[in-house]
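Trainee: Dropping a prediction and its sequence here:
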Amino acid sequence: MTTARNEKHIELKPISSCRREVEVAMVEMLVSLQKRGWSAAELALALADASEDLVMLIATKTLRPN
């Protein structure tokens, strides 16, 4: 779920199917990694860094014609 907030209430909005599948896979991965001894904070920071790297790679990639 995503949220939008105005002055008096928070509105919950459904997320896309892709986002939902990514979140399920992410939770499964994080649970597995926590069992290996990594803390939630370490995992959150590593995931954020990796996500940022991927976004920057996609943003700077030159599109090639098919």
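Mentor: The structure has been received and is ready for your questions.
Trainee: State which helix of the protein is the longest.
Mentor: The longest helix of the chain (DSSP state H) is helix 40-60.
Trainee: So which bits of that helix are buried?
Mentor: residue 43 (16 or more other CB atoms under 10 Å). The C-beta positions use only the backbone N, C-alpha and C, and glycine is treated the same way.
Trainee: Quick one: mean pLDDT over it.
Mentor: Average pLDDT, helix 40-60: 91.
Trainee: and that helix, how far out from the chain's middle?
Mentor: Here the centre of helix 40-60 is set off from its chain's centre by 9 Å, with CA atoms, centre = their mean, to the nearest Å.
Trainee: Name the residues that touch that helix?
Mentor: By CB atoms under 8 Å, 6 or more residues apart in numbering, the list of residues contacting helix 40-60 from outside reads 26, 30, 33, 34.
Trainee: cool, and stretch 18-32?
Mentor: Contacts for stretch 18-32 (CB under 8 Å, 6+ apart): 15, 40, 43, 47.
Trainee: can we see that at 6 Å?
Mentor: With CB atoms under 6 Å, 6 or more residues apart in numbering as the contact definition, stretch 18-32 has outside contacts at residue 43.
Trainee: Quick one: distance of it to the chain centre.
Mentor: Going by CA atoms, centre = their mean, where stretch 18-32 is centred and where its chain is centred differ by 8 Å.
Trainee: for stretch 13-31, same thing?
Mentor: Using CA atoms, centre = their mean, the mean C-alpha position of stretch 13-31 is found 8 Å from that of the whole chain.
Trainee: rewinding a little: just the CA trace of the longest helix of the chain, in CSV.
Mentor: What follows is helix 40-60 as a C-alpha-only set of coordinates in CSV (Å, rounded to 0.1, in the frame of the first residue of the first chain):
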residue,chain,number,x,y,z
ALA,A,40,17.4,-5.2,9.4
ALA,A,41,19.3,-1.9,9.4
GLU,A,42,22.2,-3.3,7.4
LEU,A,43,19.9,-4.9,4.9
ALA,A,44,17.8,-1.8,4.5
LEU,A,45,20.9,0.3,3.8
ALA,A,46,22.3,-2.2,1.4
LEU,A,47,19.0,-2.6,-0.4
ALA,A,48,18.6,1.2,-0.7
ASP,A,49,22.2,1.6,-2.1
ALA,A,50,21.7,-1.2,-4.6
SER,A,51,18.3,0.2,-5.7
GLU,A,52,19.9,3.7,-6.2
ASP,A,53,22.7,2.2,-8.2
LEU,A,54,20.2,0.4,-10.5
VAL,A,55,18.1,3.6,-10.9
MET,A,56,21.2,5.6,-11.9
LEU,A,57,22.3,2.9,-14.3
ILE,A,58,18.9,2.9,-16.0
ALA,A,59,18.8,6.7,-16.1
THR,A,60,22.2,7.1,-17.7
